[in-house]
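1. Sequence and predicted structure are below.
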Amino acid sequence: MSLQAITAVSNNLPLPAALAGFLFTLANHHNAGDNRCHPSVEMLCNQLMTSRRTVHRWFNEAEQRGVITRSARYVKGRQVSSDVQFIDPNLGVTPVTPRGDTDGTLGGDTSGIPGGCHRCDTSDTPGGDTSGIQKQEIKKQKDIIQQPDPVADAIFTEFWSRYPKKVDKKKAKTAFMRLTKTKQQAAIADCANRYRDTPKKFIPNPTTYIHGERWEDESPTSVITPDDYNRGGI
């Protein structure tokens, strides 16, 4: 964790809430000692309770917005992950010198990138201990992210009122809020009609529907009933 990485994200606000949450989670993996940040996609998926596709989308969006830059990490000539560096719009260009690792990895050179790519240290803090400041900054930014959004809440309420199976509302809302506005509207338009004549026990939970982006599935041409299962037709 590094205070500079967290500050860099803060200085890029406002950002979409889901993207900001992803970036603060990413900043928690930033190593202040060697300026490296390369958590695995699987680790981020587990911490954020989301899919690999969503994590990759957030990486790409953060890079497009100029919040981070990535460079490939190699082990024995094979790319295994990417080094992530955070760009603070309030700083000038901070060249980052690539260095070799004993395990064969190589960092990227981000010199010439607009903004400050953080080489993190604790020299400005007595004793080099920034843990208390970091925790305060993380709490402050989480409070910003978690502020109620009446418009977003209203859109989810519309989805929830239409979805025919109401299970695990909190998980469903978390998953729904991570969708783009376009996908949210697609889910709202699709969910009620898709399962209009489907017995409730055969309707997926709303979180499953959202994670699977089921509105993209082919529309059913016939209604599945319990009799179909009893006759062995399914």
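-> Noted; the coordinates are in hand. This structure is a prediction, so every number in the text was calculated from the model and none was measured.

2. Can you tell me the SS state at Thr50?
-> coil (DSSP: H, G, I helix; E, B strand; the rest coil).

3. And the helices in the protein, which stretches?
-> Ranges of helices within the chain are 3-11, 17-27, 41-48, 52-64, 131-145, 150-162, 169-177, 181-194, 206-211, 226-230, based on DSSP state H.

4. Adding mean pLDDT and distance to Gln85, write the ones you listed out as CSV.
-> Bear in mind the C-beta positions are built from the backbone N, C-alpha and C, glycine included. Putting those into CSV (pLDDT from 0 to 100; distance: least, C-beta to C-beta, whole Å) gives the following:
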stretch, mean pLDDT, distance to Gln85
helix 3-11, 83, 9
helix 17-27, 89, 11
helix 41-48, 88, 16
helix 52-64, 90, 11
helix 131-145, 55, 18
helix 150-162, 90, 31
helix 169-177, 92, 28
helix 181-194, 91, 29
helix 206-211, 94, 30
helix 226-230, 56, 54
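
5. For the longest strand along the chain, output the C-alpha coordinates as PDB.
-> In the chain, with assignment by DSSP state E, the single longest strand is strand 78-88. Taking Å, rounded to 0.1, in the frame of the first residue of the first chain, the C-alpha atoms of strand 78-88 are listed here in PDB:
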ATOM      1  CA  ARG A  78       7.000 -15.000 -21.100                       C
ATOM      2  CA  GLN A  79       4.600 -12.200 -20.100                       C
ATOM      3  CA  VAL A  80       3.000 -13.200 -16.800                       C
ATOM      4  CA  SER A  81       1.300  -9.900 -15.800                       C
ATOM      5  CA  SER A  82       1.600  -6.100 -16.000                       C
ATOM      6  CA  ASP A  83       3.200  -3.500 -13.700                       C
ATOM      7  CA  VAL A  84       0.700  -0.800 -12.900                       C
ATOM      8  CA  GLN A  85       1.800   2.800 -12.200                       C
ATOM      9  CA  PHE A  86      -0.500   5.600 -11.100                       C
ATOM     10  CA  ILE A  87      -0.600   9.000 -12.700                       C
ATOM     11  CA  ASP A  88      -1.200  12.100 -10.600                       C
END
